[in-house]
Every structure is written in structure tokens, then in C-alpha cells.
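**Q** Need coordinates for the below:
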Amino acid sequence: MSGKNGILLLLVLVPLFLFLSPGEAEKAAGTADFAGKVVNFLLLFGGLGFFLYKPVRAFLENRTSEIRRSMEEAESSRKDAEDLYEESMRRTEGLSGEIARMKAEAEARGNREKARIAKQAEEEAARVLRLVRQEIDAHAQTGIREVRTFVAETATSLARERIRKTLVPEDHSLLVDRSIERLSKLNEKPTAG
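**A** Reported below is the predicted structural model:
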């Protein structure tokens, strides 16, 4: 520290000694004035440079390292952002493939379901058709029976009416007598034999 104090003392005292002699100042006022200003300038800025060199240098080095660190962080952030962007692009490409696969699966499931429903509808239609045919057949059989019964009753009724109209009581007696005769002959034959 004594070296710095000595230089500081020299910087303060040298300008005083240069301008102490009043007689010389008048003779070489122009040159001395200019030389004094130059010396004063050199001493002032030399002293400032000497005392401020290390702090300014340390400040500039700190500022340089901060800027370098900021640039490295920015570069790292940029690389991270690029990696993130690339990853998101890969995912997006993967998602479009996944979407296409899911769509194809959904279409296949839809087609299978459509085929199953169509088959089930055909089976149901065939079953309903069978039931309708069975019901129609049952109604037809019932109708045929009803018609046969009606025809038989009508035929019997008509035959009865005809017989009553054509059969007079004498013919009726004659037919009853013949029937009795036939029955008696039939009964006699087994005993004769």
C-alpha cells in the first residue's frame, strides 16, 4: 500500500511544483501553459488509470463473465426449446399415426357390428317369417276344418231335407221293413253256419 500512497502524493505535488515560479511563468507562458496542461492531463488520467485499473478491470471481467453466462444459458435454453420442439413434432407424427390406426380399428369394429346386426336382422326376419307361416297354416287348417264342418253340416241338412221331401211315409215304412229284414238275415247266418 505504501507504493500506492507514494504515487498518489507525487501526483498531487508535481502540479504544484510546476507552477511555483512566478517569473518563469511569464516568459514561457504559452509553452509552459500548454506543457502544464499536458502534464496535468497525463497525471490526472494516469493517476485515475493507475487507481481505477484493477476495479475497472474486475468490473469488466465480471460483466464479461455475466454476459458469457447469459449467452450460455440462452444457448442452453435454445437447445432445450429445439429438443422440446423436435419431441413435440415426433409426438405429433406419432399421434397422426395413432389416430389413423384408431380410425381404422373403429371402422373395422363398425363393419363387424354392421354385419352382426344385419345377420341378426336376417335371422329375426326368418324367424318371424316362420312364425307367420305357421300362424297362416294354423289359420288355414282351422279354416279348412270349419269349411269341412260347414260343408258336412250343409250337405247333411240338404240330404235330410231332400229325403224328407222325396220320402213319403209309405216309402219310409218300406225302407224300415227292408232294413229289418236285412238285419235279421245277417243275424241268422252265423247261427246256421
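**Q** Rounded mean pLDDT for the helix or strand where V128 lies, please.
**A** Per DSSP states H and E, V128 falls inside helix 29-166. The average pLDDT for helix 29-166 rounds to 86.
**Q** Measure how the helix or strand just after that helix sits relative to helix 29-166, angle-wise.
**A** Sequence-wise, the next helix or strand beyond helix 29-166 is helix 169-192, with elements assigned using DSSP H and E. Relative orientation of helix 169-192 versus helix 29-166 (axes from the mean of the first three to the mean of the last three CA atoms, to 10 degrees): 90 degrees.
**Q** Show me what helix 169-192 is packed up against.
**A** When contacts are defined as 3 or more CB pairs under 8 Å, 6 or more residues apart in numbering; DSSP states H and E, helix 169-192 packs onto no helix or strand at all. (Glycine included, C-beta is placed from N, CA and C.)
**Q** Could you tell me how far it lies from the centre of the chain?
**A** Centre-to-centre, helix 169-192 and its host chain are 102 Å apart (CA atoms, centre = their mean, to the nearest Å).
**Q** what do you get for stretch 104-115?
**A** 17 Å.
**Q** cool, stretch 135-145 as well?
**A** On CA atoms, centre = their mean, the centre of stretch 135-145 falls 59 Å from the chain's centre.
**Q** For the remainder of this discussion, apply numbering that starts at 8.
**A** New numbering, starting at 8: the last item is stretch 142-152.
**Q** For that stretch, output the C-alpha coordinates as PDB.
**A** Output in PDB follows, covering the C-alpha atoms of stretch 142-152 (Å, rounded to 0.1, in the frame of the first residue of the first chain):
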ATOM      1  CA  GLU A 142     -99.800 -69.000 -38.000                       C
ATOM      2  CA  ILE A 143    -101.100 -68.800 -41.600                       C
ATOM      3  CA  ASP A 144    -101.000 -72.600 -41.800                       C
ATOM      4  CA  ALA A 145    -102.800 -72.900 -38.500                       C
ATOM      5  CA  HIS A 146    -105.500 -70.400 -39.600                       C
ATOM      6  CA  ALA A 147    -105.700 -72.300 -43.000                       C
ATOM      7  CA  GLN A 148    -106.200 -75.600 -41.200                       C
ATOM      8  CA  THR A 149    -108.800 -74.100 -38.900                       C
ATOM      9  CA  GLY A 150    -110.500 -72.600 -41.900                       C
ATOM     10  CA  ILE A 151    -110.400 -75.800 -43.800                       C
ATOM     11  CA  ARG A 152    -111.900 -77.700 -40.800                       C
END
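**Q** count of residues packed around F58?
**A** 14 (other CB atoms under 10 Å).
**Q** right, I mislabeled it, should have said G54
**A** When neighbours are counted by other CB under 10 Å, G54 comes out with 15.
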